[in-house]
Structures are given as C-alpha cells and as structure tokens.
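Asker: Pasting the sequence and the predicted model now:
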Amino acid sequence: MKKSIHFKKDGLASREYNAVVEKDADGYYVASVLELPGCHTQAKTIDTMMKRLREAIEVYLEVQKDEPQPSDFVGVYRISL
C-alpha cells in the first residue's frame, strides 16, 4: 500500500514524502521517510505514528534548512530471488 505525506509549511507549495512503515516485534509501527535519511519515528497506533511522522519531518527540515535539499524519490522496488 502506497501512502504519501503531503507537507506544506509557511505558505510554500506542498511537497510529498514517502515513508516505509513496518510493525516491529513489540507491536509498534515504525516509519522511515525515504527522501530524508535519518528521519524516523514510531508509535503504538497508525494515527499517532502519522502525527509523529509529520512532526519528525518538520524537525528534520528545520534542522536541515541550511543544508542541501533532499533528493527526489524515484520508487520502491521489490526484488524476488
């Protein structure tokens, strides 16, 4: 299932981010933003995880505002062996 996070800040055009979401052994949803290396969060419910994911993206972008912009997402590929 593909979900995109639409993000708009300070009246700027929205940008979409893609997150990989997995459920760990303890039942927590763990999310990583593909376009933002090191941008992760977790929560017990999907709704809380989505809220925290938006917060994680905000913090990441604030910290990185003077750094080069993140790369554009190309896609996720499934490889079968």
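Answerer: Thanks, I have the structure now. Numbering: from 1, shown residues only.
Asker: Need the pLDDT of residue 55.
Answerer: Turning to residue 55, the model gives it a pLDDT of 95.
Asker: Which residue, neighbours along the chain excluded, lies closest to it?
Answerer: Spatial nearest neighbour of residue 55, chain neighbours left out: residue 41 (7.5 Å); criterion: CB to CB, 6 or more residues apart in numbering. The way it works is simple: take the backbone N, C-alpha and C, and place the C-beta from them, glycine included.
Asker: swap in residue 29?
Answerer: Residue nearest to residue 29 in three dimensions, not counting chain neighbours: residue 49, with 4.3 Å by CB to CB, 6+ apart.
Asker: that older thread, can you tell me which residues contact the residue nearest to residue 55?
Answerer: Listed by CB atoms under 8 Å, 6 or more residues apart in numbering, the contact set of residue 41 reads 30, 31, 49, 52, 53, 55, 56.
Asker: Show me what the first one is bridged to.
Answerer: Spelled out, that is residue 30. The residues listed as beta-bridge partners of residue 30 by DSSP bridges are residue 22, residue 42.
Asker: tell me, how many neighbours does it end up with?
Answerer: The tally of other residues near residue 30 (other CB atoms under 10 Å) stands at 16.
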